[in-house]
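K.L.:
Can you look at this prediction? I've put the sequence above it.
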Protein chains: 2
Amino acid sequence: MFDVVAIGRVSSPLVDRADAPRQGDEGAPEAWLEFSTPYGEGLKDISAGDDLLLITWLDRAVREVLSVHPRGDRDRPPTGVFSTRSPDRPNPLGLHRVSVLAVDGLRLRVSGLEAIDGTPIVDVKPVLGEIAER
Amino acid sequence: MFDVVAIGRVSSPLVDRADAPRQGDEGAPEAWLEFSTPYGEGLKDISAGDDLLLITWLDRAVREVLSVHPRGDRDRPPTGVFSTRSPDRPNPLGLHRVSVLAVDGLRLRVSGLEAIDGTPIVDVKPVLGEIAER
């Protein structure tokens, strides 16, 4: 077992899991990523226009689930969670591709994000380009 | 703070961090993903040919690091870790895109993976296709 720390939180108009789109490109609103002061140095090279992979901890998920109806559709057969993007899974890590719209100190404004308000942020990584550009 | 559990481990010929390629598409070897028995149900719909996103816990990383020379190249200026794929970062989550080559019970054989032998596995997700195919 390992300890994951929240390095920040999502600030979003989405407050209810039931209202959240299933993925960021399915009509999710813009959001702010608000980071905690100790992590500011790690953000210093992020700027508007960057494409990022955001990893969150979906703290309202149910961790005992190993099989789900994909997209909550009971007409679809139960499917192993590792073949789905269900938030309910042993380690409820959310993976989100976002574009940075603006930077304001410890806050990043990002494009369509389906994570709800208050969701802990645990990591941010750049989207990788071609090998020659790394 | 949240508890992340290892759902399995990487079995790979790579044993030393210094020998590992920086990314899976930079000459990394095939590897086995070996899952723990309680998680088998979650794997049941994974088959050869699937493209997966594997999330690992890079347990040999240094978590206090917020700035690095990208790719360990001291000629490149120190860069905030959240703009890099450095394993050294506050939450050392590794993100790897792999293809499944074979399934053998609780083991998945996968294409080029830069994670070293024994690295804990914490999540597996499908690569998302177009919205209409989800």
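P.N.:
Here it is on my side, so go on.
K.L.:
Quick check: end-to-end length of stretch A:108-128?
P.N.:
Length of stretch A:108-128, first residue to last, Cα to Cα, to the nearest Å: 19 Å.
K.L.:
wait, stretch A:113-125
P.N.:
Start-to-end, stretch A:113-125 (Cα to Cα) is 15 Å.
K.L.:
give the contact list for A:L66.
P.N.:
Contact partners of A:L66, counting by Cβ atoms under 8 Å, 6 or more residues apart in numbering or on different chains, are A:80-81, A:89-90, B:39, B:41-42. Yep, even glycine has a C-beta here, placed from its N, CA and C like the rest.
K.L.:
Can you list the neighbours in contact with stretch A:15-32?
P.N.:
So stretch A:15-32 is contacted by A:10-14, A:60, A:71, A:85, A:87, A:96-98, A:101, A:107-117, B:128, B:131, B:134 (Cβ under 8 Å, 6+ apart).
K.L.:
ok so, going back, give me the buried entries from the contacts of A:L66.
P.N.:
A:80-81, A:89-90, B:39, B:42 (16 or more other Cβ atoms under 10 Å in any protein chain shown).
K.L.:
List the buried residues of stretch A:19-34.
P.N.:
Here stretch A:19-34 shows A:20, A:22-24, A:28, A:31-33 as buried, counting by 16+ other Cβ under 10 Å.
K.L.:
For beta bridges, what are the partners of A:R97?
P.N.:
Going by DSSP bridges, A:R97 is paired in beta bridges with A:L53.
K.L.:
Tell me who's in contact with it.
P.N.:
A:24, A:51-54, A:127.
K.L.:
Generate a PyMOL selection restricted to the buried entries among these.
P.N.:
The buried residues among the contacts of A:R97 can be selected in PyMOL (16+ other Cβ under 10 Å) with this line:
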select buried, chain A and resi 24+52+53+54
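K.L.:
Tell me the one among the contacts of A:R97 nearest to B:S47.
P.N.:
Taking Cβ to Cβ as the measure, A:L53 is the one of the contacts of A:R97 closest to B:S47, at 25.5 Å.
K.L.:
Retrieve the pLDDT associated with the closest one.
P.N.:
Note on A:L53: pLDDT of 96.
K.L.:
and it, what does it touch?
P.N.:
A:95-97, A:124-127, B:95.
K.L.:
same check, this time on A:Y39
P.N.:
Contacts of A:Y39 by Cβ under 8 Å, 6+ apart are A:7-8, A:106, B:66, B:82, B:90.
K.L.:
how close does it get to B:Q23?
P.N.:
Distance from A:Y39 to B:Q23, counting by Cβ to Cβ, to the nearest Å: 24 Å.
K.L.:
The closest residue to A:F2 other than its chain neighbours: neighbour count?
P.N.:
Leaving out its chain neighbours, the residue that sits closest to A:F2 by Cβ to Cβ, 6 or more residues apart in numbering or on different chains is B:V4, at 4.7 Å. By other Cβ atoms under 10 Å in any protein chain shown, 22 other residues sit near B:V4.
K.L.:
I figured B:V4 hits A:M1, correct?
P.N.:
Yes - using Cβ atoms under 8 Å, B:V4 is in contact with A:M1, at 6.9 Å.
K.L.:
low pLDDT regions in chain A?
P.N.:
Counting by pLDDT under 70, chain A has low-confidence residues at A:134.
K.L.:
In helices only, show me the buried residues of stretch A:19-34.
P.N.:
Here DSSP state H is the test, and those give no hits in helices at all.
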